[in-house]
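>>> need a structure here:
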Amino acid sequence: MFVRRRLNPPLPTYINDDGKKGQDQSHNATKQHQQRRQKQANQRKAYDRTLIASFNGYITQAVVNNFMPLLFVTFAATLKIDMVRISNLITINFVTQLVVDALAGKYVDRVGYKRCIIAAHVFAAIDLVTLGLVPTHVSDPYAAILVSLVFYAFGGGLIEVMVSPIVEACPTKHKAKAMSLLHSFYCWGQLATVIISTLFLWFFGINNWPTLSCIWAIVPVIGIVMFATAPMPDIVPEGITAMTARDLLGRPVSYLFFIMMLCAGAAEQGMSQWASAFAESGLGVQKVIGDLAGPADFALMMALSRTIYGIWGNKINLDAFMTGSCILCVVVYLLAALSPSPVLALAGCALTGFSVGIMWPGTFSLAAAEMPGGGTLMFAVFAIAGDLGCAGGPTLVGMVSAAHGNNLKSGLLLGTVFAVILLVCFFLMRKMKSQDVTTQSAATLS
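A predicted model of the protein is given here:
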């Protein structure tokens, strides 16, 4: 006999309110995280135009800084301008740029970044057009060239102070990488200016330099259009108080960064400005070889150094890269100054460009990370330091060379001092940062 058993009905399933709430919260958190990432990606995409405009800005600075010096010999031959007045142009340009750097730190934030960066490109375009149209059609070409130079000093000085903080403020994933890539465009722009100008004047004739000057004005015009339509980031991050001059001077690390920028400029231009003369007189090579193996190779290697970090910076430790570059700078300066082989000495000249490539943008990135409220003032002060180094380094090398019977090898030995000081400052900065971290940790624990 079979007994039919009654099957128990399935028990109702109850969802724990707390569990459901937890699942909802987890889902909402994931959704919010995805939305934040998408928003950040959209912001980075929106600022791509700003980054490209900034890259073009450094190409503009390279054009205005390097095109006119290519014509100094032509000015002397065709416009009857003596070398003393040409030398005065260099001095006036340097002083004007220092004044612009100092004024930019005070007034750019008040006037507005977009207005000032567009004005900088307008000045650069006026410089190139004025240089191309006026000097050959007036009775005093020197005065016209001087006016043109003042315009390019204003434009170049503003661009130098402004594009670095603009790129630093853009929402990029790796700021030091973007900064290095930005500065590489100056090197590539310098090479392009020299090569394109040389080929143009060789093909069309040296008398067509006014036409070439007007053609180069296209570069800043492109910058005007790009910056006019590009978004401008907040230079000082939201929630960070902008530093005053007193705040900046009150930070001991700011003095180290100032000295680092000074030595970076001195080490860079101490070799760059004398590379051609060193190759010709010190090593006895022909001028064409000296120009190619000296300044051109130097600029190429510096561009490669900045581009390498600009592309693969997320995989390279900036501290280690800068430390290695400082050590390499000492070695290659010694190689250039002490090697009996012309080939090795020229290799030392070129490799100096690679060793100093990261120093300027790397110092900017370290300073911005250490003092995020520094803003325009900080970049302007450090730009002044770099400019002073760029002027003082070659001058000291020349003075030491003259004191040793115009022996440039003796002068280049001084370049090792710049690199050693930079290395010492770098280690002191790291020590100060580690002490700050230790102090903050102790304060947190207590």
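>>> And stretch 63-73, how far out from the chain middle?
Distance of stretch 63-73 from the chain centroid (CA atoms, centre = their mean, to the nearest Å) equals 20 Å.
>>> now do stretch 331-348
Put simply, stretch 331-348 sits 27 Å off its chain's centre (CA atoms, centre = their mean).
>>> and that stretch, what's its mean pLDDT?
What stretch 331-348 shows for mean pLDDT is 86.
>>> do stretch 243-261 as well
In this model, stretch 243-261 has an average pLDDT of 90.
>>> now what about that stretch, what contacts it?
Contact with stretch 243-261 is made by 359-360, 363, 366-367, 370-371, 373-375, 377-378, 381-383, 385-386, 389, 421-422, 425-426, 428-429, 432-433, as judged by CB atoms under 8 Å, 6 or more residues apart in numbering. Yep, even glycine has a C-beta here, placed from its N, CA and C like the rest.
>>> Now do the strands in the stretch 301-446 of the chain.
Ranges of strands in the stretch 301-446 of the chain, per DSSP state E, counting those that start in this stretch: none exist.
>>> what about the stretch 201-350 of the chain, any weak spots by pLDDT?
Low-confidence segments of the stretch 201-350 of the chain, defined by pLDDT under 70: 276, 278-293.
>>> tell me which element the most centrally placed residue in the chain falls in.
With distances taken as CA atoms, centre = their mean, the residue of the chain nearest its centroid is residue 183 (3.6 Å). Here residue 183 sits within helix 175-204, counting by DSSP states H and E.
>>> Give the other helices and strands that that helix contacts.
helix 48-66, helix 141-169, helix 209-216, helix 297-312, helix 359-370 (3 or more CB pairs under 8 Å, 6 or more residues apart in numbering; DSSP states H and E).
>>> if we go to 10 Å?
Helix 175-204 is packed against helix 48-66, helix 141-169, helix 209-216, helix 218-228, helix 297-312, helix 318-338, helix 359-370, with contacts defined by 3 or more CB pairs under 10 Å, 6 or more residues apart in numbering; DSSP states H and E.
>>> Out of these, which is closest to residue 85?
Comparison of the helices and strands packed on helix 175-204 against residue 85 by CB to CB identifies helix 141-169 as nearest, at 5.8 Å.
>>> buried ones in the closest one?
Of the residues in helix 141-169, 141-142, 144-146, 148-169 count as buried by neighbour count, 16 or more other CB atoms under 10 Å.
>>> circling back to that earlier point, show me how to select, in PyMOL, the buried members of the contacts of stretch 243-261.
This is the PyMOL syntax for the buried subset of the contacts of stretch 243-261, where burial follows 16+ other CB under 10 Å:
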select buried, resi 359+360+363+366+367+370+371+373+374+375+377+378+381+382+383+385+386+389+421+422+425+426+429
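>>> so of the contacts of stretch 243-261, which ones are in helices?
359-360, 363, 366-367, 370, 375, 377-378, 381-383, 385-386, 389, 421-422, 425-426, 428-429, 432-433 (DSSP state H).
>>> before we move on, the earlier item: and the helices and strands packed on helix 175-204: which comes nearest residue 110?
Counting by CB to CB, residue 110 lies closest to helix 141-169 out of the helices and strands packed on helix 175-204; the figure is 13.6 Å.
>>> now that closest one: mean pLDDT?
For helix 141-169, mean pLDDT rounds to 91.
>>> That helix to helix 48-66, inter-axis angle?
If you take axes from the mean of the first three to the mean of the last three CA atoms, to 10 degrees, helix 141-169 sits at 150 degrees to helix 48-66.
>>> Next, the angle helix 175-204 makes with helix 141-169.
Relative orientation of helix 141-169 and helix 175-204, computed by the same axes, to 10 degrees: 150 degrees.
>>> counting contacts, what elements does helix 141-169 pack onto?
So helix 141-169, by 3+ CB pairs under 10 Å, 6+ apart, packs with helix 48-66, helix 72-78, helix 83-111, helix 113-133, helix 175-204, helix 218-228, helix 359-370, helix 375-403.
>>> For those, could you give me CSV that also reports distance to residue 301?
Shown next, in CSV, are these (distance: least, CB to CB, whole Å):
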stretch, distance to residue 301
helix 48-66, 16
helix 72-78, 25
helix 83-111, 25
helix 113-133, 27
helix 175-204, 9
helix 218-228, 24
helix 359-370, 13
helix 375-403, 18
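>>> To residue 327, which of the ones you listed lies closest?
Across those, closest to residue 327 is helix 359-370 (CB to CB), at 12.2 Å.
>>> elements contacting that closest one?
Partner elements for helix 359-370 (3+ CB pairs under 10 Å, 6+ apart): helix 141-169, helix 175-204, helix 252-272, helix 297-312, helix 318-338, helix 375-403, helix 415-445.
>>> can you tell which of the helices and strands packed on helix 141-169 is closest to residue 412?
For residue 412, the closest of those is helix 375-403, at 6.4 Å, according to CB to CB.
>>> So this protein: which segments form each domain?
Per the record, the chain has its domains at 47-231, 242-439, by automatic domain parsing.
>>> if we can go back for a sec, tabulate the helices and strands packed on helix 359-370 in TSV, adding columns for distance to residue 68.
Below are the helices and strands packed on helix 359-370 laid out as TSV (distance: least, CB to CB, whole Å):
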stretch	distance to residue 68
helix 141-169	7
helix 175-204	10
helix 252-272	17
helix 297-312	17
helix 318-338	28
helix 375-403	16
helix 415-445	26
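>>> how about those helices, which one is nearest residue 234?
Across those, closest to residue 234 is helix 141-169 (CB to CB), at 6.2 Å.
>>> tilt between the closest one and helix 113-133?
With the same axes, to 10 degrees applied, the angle from helix 141-169 to helix 113-133 works out at 150 degrees.
>>> The chain should start at 46 in everything you say after this.
In the new numbering, first residue 46, that becomes helix 186-214.
>>> what pLDDT, on average, does stretch 460-480 get?
Averaged over stretch 460-480, pLDDT sits at 84.
>>> Would you confirm that residue 281 contacts residue 418?
Yes. Between residue 281 and residue 418 a contact is recorded at 5.6 Å, counting by CB atoms under 10 Å.
>>> okay, and the common contacts of the two?
Taking CB atoms under 10 Å, 6 or more residues apart in numbering as the contact rule, residue 281 and residue 418 both touch 287-288.
>>> circling back: of all the helices and strands packed on helix 186-214, which lies closest to residue 322?
Evaluated over those, closeness to residue 322 peaks at helix 420-448, with 9.3 Å, by CB to CB.
>>> between the closest one and helix 297-317, how big is the angle?
Using the same axes, to 10 degrees, helix 420-448 lies at 40 degrees relative to helix 297-317.
>>> Next, the angle helix 128-156 makes with helix 420-448.
Put simply, helix 420-448 runs at 160 degrees to helix 128-156, going by the same axes, to 10 degrees.
>>> counting contacts, what elements does helix 420-448 pack onto?
helix 128-156, helix 186-214, helix 290-294, helix 297-317, helix 404-415, helix 453-458, helix 460-490.
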